[in-house]
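S.K.: Quick one, structure for this:
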Amino acid sequence: MAWDLKTGNVAWKSPTMESPWSATGFGSYGVASAYGLIFHNGYSGVTAINWTDGKIAWVYHKYALAPFESPYTDVNGTEVYSFNSGGKIADGVYYTYNCEHTTTFPRTRGWSICAVNITDGSELWSLALPGNAAFGNAPDIGAIADGYMTMESDLGWMVTYGIGKSSTTVTAPDTVVSQGAGVVIKGTVMDQSPAQPNTPCVSKESMTLQMEYIHLQNPIGGIWNNETIIGVPVTLTAMSSDGQSYNLGTVTSDGYYGTFSKTWTPPAAGDYKIIASFAGDESYGSSSASTTLSISEAPATATPIPTQQAQALPPFDLYIAASTIAIIIAIALVGLLLSRKK
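M.R.: Here you go, the predicted structure:
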């Protein structure tokens with residue numbers, strides 16, 4: 001409910017929050033407020049209420065990974081993870097995490113820290129918790145500044161979320177290659193964040209899977225073994241010695257190894273600078289690298305020496321026939337000469 005501070009009159013009364021949990025008061029003792037909305041964390045989900053009229057703008061649910069993972073449900077009876085902590089707001093995002101008033105042990109599988117879009121309540125990302133307070137109303141989310149957010153852990157850690165560093169490498173054949181031959185350009189794009197240096201950079205769609213695999217020992221294919229880690233796009237460019245630029249296209253690195261490759265046939269002889277660029281994204285800063293490729297003139301092709309074409313020999317049967325005729329003629333001439341002598 002909201003009251004007018006000048007008159008004490010009720011300004012508005014919101015609709016009842018979701019049953020059976022949030023509507024009955026199971027949730028955080030605290031609220032957050034920004035962007036014209038008031039946020040309340042309950043066991044059914046996060047409810048955003050409009051400042052002006054008390055209308056519920058949206059409800060965010062963190063649904064359970066599998067049946068029987070959580071005793072709590074939304075209004076439709078679908079299992080959800082509870083919210084009992086507060087939240088923090090920065091740059092149009094509401095950050096909060098799953099927990100209970102008195103935490104169940106063993107800890108509920110699937111509890112996560114969640115980043116929720118202020119505008120529509122959609123999930124921007126979530127990541128399984130590295131550990132959180134077993135009891136307490138104060139949020140464990142710490143400072144948010146300069147694009148980074150800290151979070152406490154009851155495992156003795158201080159976890160920092162934000163954009164990490166990346167490093168890109170590229171190589172080409174070290175020997176001179178003849179013009180017309182294809183060359184293989186290859187390299188890597190690796191994460192250089194202090195928490196996981198020299199691990200593959202991955203797409204934002206694969207980030208949760210990658211982080212939970214590296215830091216929480218979750219299966220690399222997800223709990224259902226049906227997920228695939230995707231790498232990041234790498235743009236390849238060639239610069240010839242005369243300043244001509246060639247766009248070799250964009251390839252995607254391997255999400256499990258960080259490697260990439262591309263086969264290219266240079267159009268002319270000369271030296272080329274090969275540049276591999278990763279533009280960066282919401283997870284990584286940009287990085288690039290270059291190498292050199294040398295192409296020699298194609299070897300001259302020898303001119304073939306023309307050969308005199310042999311005349312076809314007459315068929316064997318013709319030889320036999322001609323020989324027979326010659327013999328008959330010779331015999332006839334001999335007979336004619338003998339008859340004249342007589």
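S.K.: in the stretch 101-250 of the chain, which spans are strands?
M.R.: 112-117, 123-128, 141-145, 148-152, 158-162, 166-171, 177-178, 183-191, 199-200, 233-240, 245-252 (DSSP state E, counting those that start in this stretch).
S.K.: ok, and what's touching the last one?
M.R.: Residues lying outside strand 245-252 but in contact with it, judged by Cβ atoms under 8 Å, 6 or more residues apart in numbering, are 185, 230-240, 260-262, 264, 267, 272, 274. Glycine gets a C-beta too; all of them are placed from N, C-alpha and C.
S.K.: now that strand: mean pLDDT?
M.R.: Mean pLDDT, computed over strand 245-252, is 98.
S.K.: in its sheet, what does it sit against?
M.R.: Its sheet considered, strand 245-252 pairs with strand 233-240 (antiparallel) by DSSP bridges.
S.K.: which outside residues touch the partner strand?
M.R.: 168, 170, 185, 187, 189, 245-253, 260, 262, 264, 266, 268, 270-279, 293.
S.K.: who touches Gln179 in this structure?
M.R.: Pro266, Ala268, Ala269, Ile295, Ser296, Glu297, Ala298 are the contacts of Gln179 under Cβ under 8 Å, 6+ apart.
S.K.: Now do the same contact list for the second one.
M.R.: For Ala268, the contacting residues are Gln179, Ser240, Ile295, taking Cβ under 8 Å, 6+ apart as the criterion.
S.K.: re the thing from before, can you tell me which of the strands of the stretch 101-250 of the chain comes nearest to Gly36?
M.R.: Proximity to Gly36, assessed across the strands of the stretch 101-250 of the chain by Cβ to Cβ, is greatest for strand 112-117 (14.3 Å).
S.K.: And that closest one, what does it pack against?
M.R.: If you count contacts as 3 or more Cβ pairs under 8 Å, 6 or more residues apart in numbering; DSSP states H and E, strand 112-117 packs onto strand 93-97, strand 123-128.
S.K.: about what we covered before: looking at the contacts of Ala268, which is nearest Ala143?
M.R.: For the contacts of Ala268, the nearest to Ala143 is Ser240 (49.9 Å; Cβ to Cβ).
S.K.: Narrow the contacts of Gln179 to those that are buried.
M.R.: Using 16 or more other Cβ atoms under 10 Å as the burial test, the contacts of Gln179 include Pro266, Ala269, Ile295 as buried.
S.K.: Tabulate the residues you listed (CSV), appending pLDDT.
M.R.: Shown next, in CSV, are those (pLDDT from 0 to 100):
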residue, pLDDT
Pro266, 96
Ala269, 95
Ile295, 96
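S.K.: just curious, which of the contacts of Ala268 is nearest to Met207?
M.R.: Closest to Met207 out of these is Ser240 (37.6 Å), distances taken as Cβ to Cβ.
S.K.: so how many other residues sit close to that closest one?
M.R.: 18 (other Cβ atoms under 10 Å).
S.K.: What's opposite it in the beta bridge?
M.R.: Bridge pairing for Ser240 - DSSP bridges - gives Tyr272.
S.K.: how much space is there between it and Pro266?
M.R.: Distance, Ser240 to Pro266, using Cβ to Cβ, to the nearest Å: 8 Å.
S.K.: for Asn117, same thing?
M.R.: 47 Å.
S.K.: about what we covered before: hmm, which of the contacts of strand 245-252 are the buried ones?
M.R.: The buried subset of these (16+ other Cβ under 10 Å) comprises 185, 230-234, 236-238, 240, 260, 262, 264, 272, 274.
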